[in-house]
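**Student:** Predicted model follows, preceded by the sequence.
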Amino acid sequence: MMQDHLVVSDDSNHPANMVCSLSRQFYEKEWCVGTGGSIAIRDEETGFCYLAPSGVQKELLKPQDLFVLDGNSKEQDVYLRKPAGLKLSDCTPIFQMLFQNFNAGAIIHTHSPNAVLTSLLYDDVFEISHIEQIKALPSERVNAETGKPVNLLFEDTLKIPIIDNQNFEYELTDGLQEMCQKWPHGCAVLVRRHGIFVWGPSITKAKIYNESIDYLLGLAIKMHQLGIPTVKKN
Ligand SMILES: CSC[C@@H](O)[C@@H](O)C(=O)COP(=O)(O)O
Ligand SMILES: [Zn+2]
């Protein structure tokens, strides 16, 4: 029972197609090379979670390579689709923790060189302020009328916590969960000498957050080289 109908669709916005097309894009950006990185999407309507297999070249992924888990179930590993001969992403415990406990609709994990370098320039938290692009990222504030989160302002400071890497991906889950509890409005955690996890309520939002953060991390590295502080004191 391959359940191909769960992953085969003409719609380019179908989660299975999005995992594949974004994995290709992220390979081109050197965020997901040599099998590194992974993307997971939870379909808002069905609650089904689309996950990539482990240890494969992510830029070559096809929808038929994807696993589908039932995100509606209290049990962790209810497989709706399990491709033969493939193993679930090592990031799965982290993805499930973010889907279940922090309402993530999509998670992007990359080994972006900007993320790895930035994790070596800051101790516990990456910080940057007064750069226009931070306005693409969520703040702690909510809109009084809609109750929905609003984005950071130009003069706000974006903060992203950093945790230390471990030998195995699953060993990062508790540290990441701790940071999500400490920073409930955050959308990213850097993993030192490894990369970054970025999430959002949808894959569109997660992609915008990931791109914006990477742009800011790249700027921060150059600012360090030029001796410019990344947080502006008025
Ligand atoms: C280059 S191996 C990288 C893995 O250990 C891991 O960090 C990773 O990003 C992808 O794991 P995967 O199991 O292929 O989804
Ligand atoms: Zn990784």
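**Tutor:** Cool, the structure landed. Numbering: from 1, shown residues only. Ligands and ions are numbered 1, 2, ... in the order given.
**Student:** buried sites along stretch 44-64?
**Tutor:** By 16 or more other Cβ atoms under 10 Å, the buried positions in stretch 44-64 come out as Phe48, Cys49, Tyr50, Leu51, Ala52, Pro53, Ser54, Val56, Lys58, Leu61, Pro63. C-beta here means a position set from N, CA and C on the backbone, and glycine is covered the same way.
**Student:** quick check: mean pLDDT across that stretch?
**Tutor:** Here stretch 44-64 scores 97 as its mean pLDDT.
**Student:** One more: stretch 166-184?
**Tutor:** 97.
**Student:** Show me which positions of that stretch end up buried.
**Tutor:** Glu169, Leu172, Thr173, Gly175, Leu176, Gln177, Met179, Cys180, Trp183.
**Student:** as a whole number, average confidence for the longest helix belonging to the chain?
**Tutor:** Longest helix in the chain, counting residues (DSSP state H): helix 203-226. For helix 203-226, the mean pLDDT works out to 98.
**Student:** Near ligand 1, which residues of this protein are found?
**Tutor:** The interface of the chain toward ligand 1, taken as Cβ under 6 Å from any ligand atom, is made up of 34-38, 52, 54-55, 89-91, 109, 169.
**Student:** The longest helix of the chain packs against which elements?
**Tutor:** Here helix 203-226 touches helix 15-28, strand 106-110, helix 113-121, strand 125-129, strand 157-163, strand 188-191, strand 195-200, going by 3 or more Cβ pairs under 8 Å, 6 or more residues apart in numbering; DSSP states H and E.
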